[in-house]
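Colleague: Pasting a predicted model and its sequence here:
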Amino acid sequence: MKSLQKGFTLIELMIVVAIIGILAAIAIPAYQNYLIRSQVTEGLSLADSWEVAIAEFYSNTGTFPLCATVGQAGCIQMGASAVSSGKYVSSVTILTGGVQVTYAATGNYQANKALDTKTLGLTPYLDTNNDIVWVCGSAVVPNAADVIGTGATIVATSVPNQYLPSACHA
């Protein structure tokens, strides 16, 4: 009499487990980078209100604010609803017209350890129409954009390129 095979052999099961292991080895680091990039994006969202305030200040005065702490003379006065920190961002500050976002993984902040104490810089440039063009991270500055004559300084970025959104790296 002929017996029928039921189920999988040990070799077939081992092959399936090996394939799942290989896929997991590829997927987990990619997912970690995705999570870190989403944390960096929170900083960009928090910086939006500061960018608008700086642009308005520039359009009214012709200069960029020169302070790092709101309340100093010549600094932007934001309303009480202004958000300067978040779940991953410990502070959003103005540095001579630019915006600096600082990430933290200690205290009440839950950023990935790879972002702890790292900063993301957003620098305002003026194009030929005298409109403000914001450049974040290590992104390429648009042609005919000028920061030297505007009174703003280039804000440094210490977040590694692999974690920056595509708009913020070269």
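Modeller: Happy to help now that I have it.

Colleague: Note down every partner strand of the helix or strand harbouring residue 100 and its orientation.
Modeller: Residue 100 is located in strand 98-103, with elements delineated by DSSP states H and E. Strand pairing for strand 98-103, determined by DSSP bridges: strand 89-95 (antiparallel), strand 119-126 (antiparallel).

Colleague: so how far is the helix-or-strand element of the chain with minimal mean pLDDT from its chain's centroid?
Modeller: Least confident helix or strand, the chain: strand 89-95 with a mean of 85, by mean pLDDT, DSSP states H and E. Computed by CA atoms, centre = their mean, to the nearest Å, the separation of strand 89-95 from the middle of its chain amounts to 12 Å.

Colleague: count of neighbours near the nearest residue to residue 136 once chain neighbours are set aside?
Modeller: Nearest residue to residue 136 in three dimensions, chain neighbours excluded: residue 168, at 4.1 Å (CB to CB, 6 or more residues apart in numbering). The C-beta positions use only the backbone N, C-alpha and C, and glycine is treated the same way. Burial of residue 168, expressed as a neighbour count using other CB atoms under 10 Å, amounts to 22.

Colleague: Could you double-check that residue 168 lies in contact with residue 139?
Modeller: Yes. Residue 168 is within contact range of residue 139, at 5.3 Å (criterion: CB atoms under 8 Å).

Colleague: Now stretch 159-168: buried residues?
Modeller: Using 16 or more other CB atoms under 10 Å as the test for burial, stretch 159-168 gives 159, 163, 164, 165, 168.
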